[in-house]
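>>> the following block contains a protein sequence and its predicted model.
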Protein chains: 2
Amino acid sequence: MHAITCSEPGGPEVLQWTKVADPTPGPGEVIIDVAATAVNRADLLQRQGNYPPPPGASEILGLECSGTISSVGAAISLDHIGEKVTALLSGGGYAEKVAVPFGQVMPIPPGTGLIEAAALPEVVCTVWSNLDLVANISEGEWLLIHGGGSGIGTMAIQLGRALGARVAVTAGSAEKLERCAALGAEVLINYKDQDFVEVIKDETGGRGANVILDNMGAAYLDRNVTALARDGRLVVIGMQGGTTAELNLSTLLRKNATVHATSLRGRPGSEKAAICRQVERTVWPWISAGVIRPVIDRVLPLKDAAYAHGLLADGQTTGKVVLSV
Amino acid sequence: MHAITCSEPGGPEVLQWTKVADPTPGPGEVIIDVAATAVNRADLLQRQGNYPPPPGASEILGLECSGTISSVGAAISLDHIGEKVTALLSGGGYAEKVAVPFGQVMPIPPGTGLIEAAALPEVVCTVWSNLDLVANISEGEWLLIHGGGSGIGTMAIQLGRALGARVAVTAGSAEKLERCAALGAEVLINYKDQDFVEVIKDETGGRGANVILDNMGAAYLDRNVTALARDGRLVVIGMQGGTTAELNLSTLLRKNATVHATSLRGRPGSEKAAICRQVERTVWPWISAGVIRPVIDRVLPLKDAAYAHGLLADGQTTGKVVLSV
């Protein structure tokens, strides 16, 4: 088969369309003939050599895909061959074929095409697991989402709303904020000329955000803690602003508040499978009903992965960039 | 009535036995004729002017007491007058009488005397709320308790064991560690000559502690995060080592871990009442059965509160110092 491989750690130019050996399914795994995959920010870090795949995972980039099951490993029924599916991967999605534990395979939500389905697993599973399992968000709570225009952000707005939360977002342009508003965000904060701490306090009668979904890490830690309401939960899922910063425990204690940091990829397979089952049960019906829509900036050929990485790095995209095989 | 009052913020010498006005019960409150109260580290901070009472609370020190209900406010049945009780206070315990919301009043555990009962509310409610509600500790998990010889520590060892956890403690002397072992701690770490991170890793097969109950705050933050297992929960309930320190979010994220900081006193009355009900139902039977014992270093007359504060500040006590009226 062909796949996008990295000749060495570096810029987008190290990504090459190469002939490689087909994957074989281990016990409990299936092979998916990939229809489409999608770009995640973690892919950019992995390409740079800063986010090595977990032990046992493919060296090939790509954390999600859609496609058709073409063969199965031990303990998986042959009946699944031919099924159109979408899957949460530990790697290997930027390829014509990928091996994946069957627990991380989900049906395509009824009414959704293969291209759209490729944009769902990583963002839906990440957002669902953090809002529901980690932050246990409740109806009527305020959710502040940093990077509202990103793939994660555009899904978090919709899922937050579906779970009954009120949503505030930060983003870097009026155009992105407009897209966020269309998806259900009530409070729109342009981080280039507004202080999100002040805005969220003003909009919540001085109380602050009950839950913050953060992709900035160190750069926002102190301000995020300041922006939290009593009993608030800060959930750090990205560290685009660095990894280490001062934490004021006194502020945290006064608020009875919590700092979580989580990574979907680092979870063991059993947890990923459990998250997939919950997503199928809860989120897929919302997608079929049109309550939640995959937000896709554009679809490019997989061979153009380098160009796609450049777009994401420049922050010019809203929602997901899908790569079709 | 008489009470211990602070003439001004300062050392133990500012504590004075003074004549003051009797408290009157507000709606939903009762007056307790205090039999005994107990010293908490928070009292030392409040005496120094570093821990002001929450709005509406008594200016008098004292976060817990035992005694007899002598009058009741609106909406509370007169039938309660004469009941022997113990109570979680927002302040006012260092006195002959104290007013307290009835929701924070608990019966004396059957078989327990008034003096012992005065040593229970603050430590039991603090430890219970943090191990169960905040950290959601499970059977077989490793619990690391800093300050194992303190009032909180000696109760946390016992409650941790009763909840099925395996317990490691740090303390500053062989004598305190021996007391901790007698209460059920399996791993004993003298922080003066051992590195708790190394010891806990060794004792848990490299995995680390699932839950850490911490009273040191900033001074231990980085090492606590390093000592956490995957999915670990650090619960900061004291800041004897300062309030602000560097947090490595990357380590936290790799472990899918959590930093909580909580204060029982800062919780609203409704939450305190809910905690008291759970403690009555779950912990009181363990105390009546002798599974959990109040650990009392000594009992002093309330007039000697200044001396008691000095003992606690010197770290020479194991368990609680009770002040009898």
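Received it, and whenever you're ready, just let me know what you need. Residues are numbered from 1 along each chain as shown, chains lettered A, B, ... in the order given.
>>> from here on, contacts and neighbour counts on C-alpha atoms
Noted.
>>> where along the stretch 151-300 of chain A do the strands fall?
Using DSSP state E, counting those that start in this stretch, the strands of the stretch 151-300 of chain A run over residues A:166-171, A:187-190, A:209-214, A:228-236, A:244-248, A:258-261, A:296-301.
>>> which ones are touching A:Leu44?
For A:Leu44, the contacting residues are A:His309, A:Ala313, by C-alpha atoms under 8 Å, 6 or more residues apart in numbering or on different chains.
>>> so the residue most central in space within chain A, which of the three states?
Taking C-alpha atoms, centre = their mean, the centroid of chain A lies closest to A:Val123, which sits 3.0 Å from it. Here A:Val123 takes the helix state, with states given by DSSP: H, G, I helix; E, B strand; the rest coil.
>>> kindly report the same for A:Gln316.
A:Gln316 is classified as coil under three-state DSSP.
>>> and it, what pLDDT?
pLDDT recorded at A:Gln316 is 87.
>>> count of neighbours near it?
Residues lying near A:Gln316 (other C-alpha atoms under 10 Å in any protein chain shown) number 15.
>>> ramachandran angles for it?
Dihedral angles of A:Gln316 (phi, psi; degrees, to the nearest 10) stand at phi -90, psi 0.
>>> next one: A:Gly310
Torsion angles at A:Gly310 (phi, psi; degrees, to the nearest 10) stand at phi -60, psi -40.
>>> that one against A:Glu13, yeah?
No. In this structure, A:Gly310 is not within contact of A:Glu13 by C-alpha atoms under 8 Å, at 9.4 Å.
>>> overlap of the contact sets of those two?
Common neighbours of A:Gly310 and A:Glu13 (C-alpha under 8 Å, 6+ apart) do not exist.
>>> who touches A:Pro285 in this structure?
A:Pro285 sits next to A:Pro109 when contact means C-alpha under 8 Å, 6+ apart.
>>> and the gap between it and A:Leu15?
36 Å (C-alpha to C-alpha, to the nearest Å).
>>> among the strands of the stretch 151-300 of chain A, which is nearest A:Lys84?
A:Lys84 lies closest to strand A:296-301 among the strands of the stretch 151-300 of chain A, at 19.3 Å (C-alpha to C-alpha).
>>> can you get me a residue count around the residue in the stretch 1-150 of chain A that chain B sits nearest to?
Chain B sits closest to A:Val134 of the stretch 1-150 of chain A, with a gap of 9.6 Å, by C-alpha to the nearest C-alpha. Counted by other C-alpha under 10 Å, the residues lying close to A:Val134 total 18.
>>> and the helices in the stretch 201-325 of chain A, which stretches?
Along the stretch 201-325 of chain A, counting by DSSP state H, counting those that start in this stretch, helices occupy A:218-227, A:249-254, A:269-288, A:305-313.
>>> other SSEs contacting the last one?
Packing partners of helix A:305-313 (3 or more C-alpha pairs under 8 Å, 6 or more residues apart in numbering or on different chains; DSSP states H and E): helix A:41-47.
>>> go with 10 Å
strand A:15-19, helix A:41-47, strand A:296-301, strand A:320-324 (3 or more C-alpha pairs under 10 Å, 6 or more residues apart in numbering or on different chains; DSSP states H and E).
>>> over to the shortest one?
Counting contacts by 3+ C-alpha pairs under 10 Å, 6+ apart, helix A:249-254 is packed against helix A:218-227, strand A:228-236, strand A:258-261, helix B:218-227, strand B:228-236, strand B:244-248, strand B:258-261.
>>> what's the mean pLDDT across the last one?
Spelled out, that is strand B:258-261. Here the average pLDDT along strand B:258-261 is 98.
>>> again, but for stretch A:10-26
pLDDT averaged over stretch A:10-26 gives 97.
>>> can I get that stretch in CSV? Just the C-alpha atoms.
Provided in CSV are the C-alpha atoms of stretch A:10-26 (Å, rounded to 0.1, in the frame of the first residue of the first chain):
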residue,chain,number,x,y,z
GLY,A,10,10.9,18.4,10.6
GLY,A,11,8.6,20.7,8.8
PRO,A,12,5.7,19.7,6.5
GLU,A,13,8.2,19.0,3.7
VAL,A,14,9.3,15.7,5.4
LEU,A,15,5.9,14.2,4.7
GLN,A,16,6.2,11.9,1.7
TRP,A,17,3.9,9.6,-0.3
THR,A,18,5.7,6.2,0.0
LYS,A,19,5.2,2.6,-0.8
VAL,A,20,5.1,0.6,2.5
ALA,A,21,4.1,-2.9,3.6
ASP,A,22,0.4,-3.6,4.2
PRO,A,23,-0.6,-3.9,7.9
THR,A,24,-1.8,-7.2,9.2
PRO,A,25,-4.5,-7.6,11.8
GLY,A,26,-3.5,-8.7,15.2
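>>> got the buried residues for it?
Neighbour-count burial for stretch A:10-26, counted by 16 or more other C-alpha atoms under 10 Å in any protein chain shown, picks out A:Gly10, A:Pro12, A:Glu13, A:Leu15, A:Gln16, A:Trp17, A:Pro23, A:Thr24, A:Pro25.
>>> quick check: residues of chain A near chain B?
A:134, A:217-218, A:221, A:230-231, A:233-239, A:242-267 (C-alpha under 10 Å from any C-alpha of the partner chain).
>>> can you tell me which of these are buried?
Buried members of those, counted by 16+ other C-alpha under 10 Å: A:134, A:217-218, A:221, A:230-231, A:233-239, A:242-245, A:247-267.
>>> ok so, going back, so which of the strands of the stretch 151-300 of chain A is nearest B:Ile76?
B:Ile76 lies closest, by C-alpha to C-alpha, to one member of those: strand A:228-236, at 30.1 Å.
>>> what helices or strands is that closest one leaning on?
Taking 3+ C-alpha pairs under 10 Å, 6+ apart as the contact cut, strand A:228-236 packs with strand A:142-145, helix A:196-203, strand A:209-214, helix A:218-227, helix A:249-254, strand A:258-261, helix B:249-254, strand B:258-261.
>>> tell me the secondary structure for the nearest residue to A:Gly49 once chain neighbours are set aside?
Leaving aside its sequence neighbours, A:Gly49 sits nearest to A:Pro9 (C-alpha to C-alpha, 6 or more residues apart in numbering or on different chains; 5.0 Å). Three-state call for A:Pro9 (three-state DSSP): coil.
>>> my guess is A:Pro9 contacts A:Asn50. True?
Yes. A:Pro9 is within contact range of A:Asn50, at 8.6 Å (criterion: C-alpha atoms under 10 Å).
>>> thinking again about what came up before, measure the closest residue to the residue nearest to the centre of chain A other than its chain neighbours to A:Cys276 for me?
What sits nearest to A:Val123 in space, not counting adjacent residues and going by C-alpha to C-alpha, 6+ apart, is A:Ile152, at 5.2 Å. Distance from A:Ile152 to A:Cys276, counting by C-alpha to C-alpha: 16 Å.
>>> equivalent analysis for A:Ala87, please.
9 Å.
>>> right, I'll leave it there.
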